[in-house]
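Q: The sequence and its predicted three-dimensional model are supplied below.
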Amino acid sequence: MQGQIDFPPEIKLGWWIIPYATTPTHLCIARVLGGMSGGGIFVVNPIYTTELAQDHIRGILGTMLMLAFNFGILSAFVLGHFLSYGTVAWIMSLLTIAFLFCFPFLPETPQHLMSNNKVKKAEKSLKYYRNIRALSHEWPANFKAELDKLKGENKKEDEEDSNAITWQDLNDPIACKAFIIGIGIINLMQFSGCFAMLNYTANIFKESGSDLSPTISAIVVGFIQLVGSYVSALLVERAGRKLLLLISTVGIAMGHTIFGTYTYLNLLGYDVQNFTWVPVASFSVTIFIASWGLMGLPYLVISEIMPPKLRSLGVMICMITMWLTGILMLKYLPVMVEVMGMHGMVFTFAGICSVGVIFLAIFVPETKGESIDEILASL
């Protein structure tokens, strides 16, 4: 799985089906194809970034996934407001075609090439990603050290004949802790309720007295997410991953608590007419805080803490966990609202976030500026 990112053909087929769709089934097929491709991108992109990035910029590059993701969602919302969905599909399909024409010219990651004993190609790839001219006869000291390190890791793998993952690899204490942290962060991200609450955007805006249409409400929330992702890119190498995750989770818990308090008081019959702005304000702040922490950084942290040999498997398992828990949340969210009420549901999310803060503080290591070896040593 390690190596170049490439859009599978499903994502192009998904866009091309939409303009010619005549039944809901056609749209469902297009969505399934797009979802398969998108799920693969969320697995491969963090791995690719972690393998090619230098330690001091790995965090910034890692946040580009969610920054680009939120930019794409906002663009689709804006285009969908002014154009038909068929036209939007054609525009988006052109982007995937442009990507397919441009990306194949980029080399594989040095780590992937070295693990396949392609030493010369790995050296050439490392030169490319470190911006070293091919004709240069003198290598910078840090480049030579990095290349020697890659060769040393490859030699160690050859001696251990470790291309195949064994039970011993999975049972290693470092690997076990990495898997526990990864799955824990993913579950916290999903059960914090942020992704699920996005489905109530139109209702929340309507309850606050806003006359914005559902499309405009979606554009507003998409813009908030984009700004939050940009803030994450600015702060991730300054404040660190762990601190941003902690602050973000605390902020989400507070936002849910405020929103839940308003809905509960409204249910009890208290006069809240002067505070109808509270739901949309607390919801917007919650999504903003979540976007620069808990909704974006888990992908980066998971790819950093996984041992190189298990990185592909580990990220894949965490992403499968994310999508499965996402399905459960979307499936049973209406049930939670019916049984517990809106206030009960968001209070539950706030409680989960409070427990999540303790989990993050105790178990999640800070990976800012650390090499992969140093991160694994901290585990």
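A: Right, received. Where do you want to start?

Q: pLDDT weak spots in the protein?
A: For the chain, the stretches flagged by pLDDT under 70 are 1-12, 134-139, 153-163, 207-210.

Q: other SSEs contacting the biggest helix by length in the chain?
A: In terms of residue count, the longest helix belonging to the chain (DSSP state H) is helix 311-363. Packed against helix 311-363 by the contact rule (3 or more CB pairs under 8 Å, 6 or more residues apart in numbering; DSSP states H and E) you find helix 24-52, helix 173-191, helix 194-197, helix 241-268, helix 297-305. Where C-beta positions appear, they are placed from N, C-alpha and C, glycine not excepted.

Q: shouldn't Ile219 be in contact with Ala76?
A: No. Judged on CB atoms under 8 Å, Ile219 makes no contact with Ala76 at a distance of 10.0 Å.

Q: can I get the helices and strands packed on helix 311-363 in CSV with mean neighbour count?
A: Formatted as CSV, those follow (neighbours: other CB atoms under 10 Å):
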stretch, mean neighbour count
helix 24-52, 18
helix 173-191, 19
helix 194-197, 22
helix 241-268, 21
helix 297-305, 26
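
Q: Between these, which one is closest to Val357.
A: Closest of the helices and strands packed on helix 311-363 to Val357 is helix 241-268, at 5.1 Å (criterion: CB to CB).

Q: The closest one vs helix 311-363, what angle?
A: The directions of helix 241-268 and helix 311-363 differ by 70 degrees, with axes from the mean of the first three to the mean of the last three CA atoms, to 10 degrees as the criterion.

Q: For helix 241-268, what is the distance to the chain centroid?
A: Centre-to-centre, helix 241-268 and its host chain are 21 Å apart (CA atoms, centre = their mean, to the nearest Å).

Q: how big is the angle separating it from helix 173-191?
A: Angle, helix 241-268 to helix 173-191, by the same axes, to 10 degrees: 30 degrees.

Q: re the thing from before, dump the helices and strands packed on helix 311-363 to CSV, plus distance to Lys118.
A: Shown next, in CSV, are the helices and strands packed on helix 311-363 (distance: least, CB to CB, whole Å):
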stretch, distance to Lys118
helix 24-52, 14
helix 173-191, 26
helix 194-197, 40
helix 241-268, 32
helix 297-305, 22
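
Q: Out of those, which gets nearest to Glu366?
A: Set against Glu366 and scored by CB to CB, the helices and strands packed on helix 311-363 come closest in helix 241-268, at 4.4 Å.

Q: by how many degrees do that closest one and helix 297-305 diverge?
A: Angle, helix 241-268 to helix 297-305, by the same axes, to 10 degrees: 150 degrees.

Q: just checking, what packs against helix 241-268?
A: Judged by 3+ CB pairs under 8 Å, 6+ apart, the packing partners of helix 241-268 are helix 278-291, helix 297-305, helix 311-363.

Q: Count the neighbours of Asp211 for me.
A: Number of residues near Asp211 (other CB atoms under 10 Å) recorded here: 7.

Q: how close does it sit to Ser217?
A: Asp211 sits 10 Å away from Ser217, going by CB to CB, to the nearest Å.

Q: What of Leu33?
A: According to CB to CB, Leu33 and Ser217 sit 28 Å apart.

Q: Equivalent analysis for Gly314, please.
A: Using CB to CB, one gets 37 Å for the distance from Gly314 to Ser217.

Q: repeat for Leu83
A: In terms of CB to CB, Leu83 sits 18 Å off from Ser217.

Q: Show me which of the two is the more surrounded one.
A: Set Leu83 next to Ser217 and count neighbours by other CB under 10 Å: Ser217 wins out with 19 against 13.

Q: The more buried one - nearest residue in space that isn't next to it in sequence?
A: Nearest residue to Ser217, sequence neighbours excluded (CB to CB, 6 or more residues apart in numbering): Phe205, at 4.4 Å.

Q: count of residues packed around the one you found?
A: For Phe205, the neighbour count with other CB under 10 Å is 23.

Q: thought it was touching Ala218?
A: No. Under the criterion of CB under 8 Å, Phe205 is not in contact with Ala218, lying 9.5 Å apart.

Q: picking up where we left off before, quick one: which of the helices and strands packed on helix 241-268 is nearest Gly39?
A: helix 311-363 (6.2 Å).

Q: So which bits of stretch 73-89 are buried?
A: 73-79, 88-89 (16 or more other CB atoms under 10 Å).

Q: Which of those fall within helices?
A: Among those, DSSP H puts 73-79, 88-89 in helices.

Q: Going by residue numbers, what spans are helices in the stretch 51-200 of the chain?
A: 58-82, 85-102, 110-115, 119-129, 141-160, 167-170, 173-191, 194-197 (DSSP state H, counting those that start in this stretch).

Q: mind putting those in a markdown table, distance to Ala290 included?
A: Shown next, in a markdown table, are those (distance: least, CB to CB, whole Å):
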| stretch | distance to Ala290 |
| --- | --- |
| helix 58-82 | 11 |
| helix 85-102 | 25 |
| helix 110-115 | 32 |
| helix 119-129 | 32 |
| helix 141-160 | 35 |
| helix 167-170 | 32 |
| helix 173-191 | 9 |
| helix 194-197 | 4 |
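
Q: Indicate which one of these is closest to Val339.
A: That would be helix 194-197 among the helices of the stretch 51-200 of the chain, by CB to CB, at 15.0 Å.
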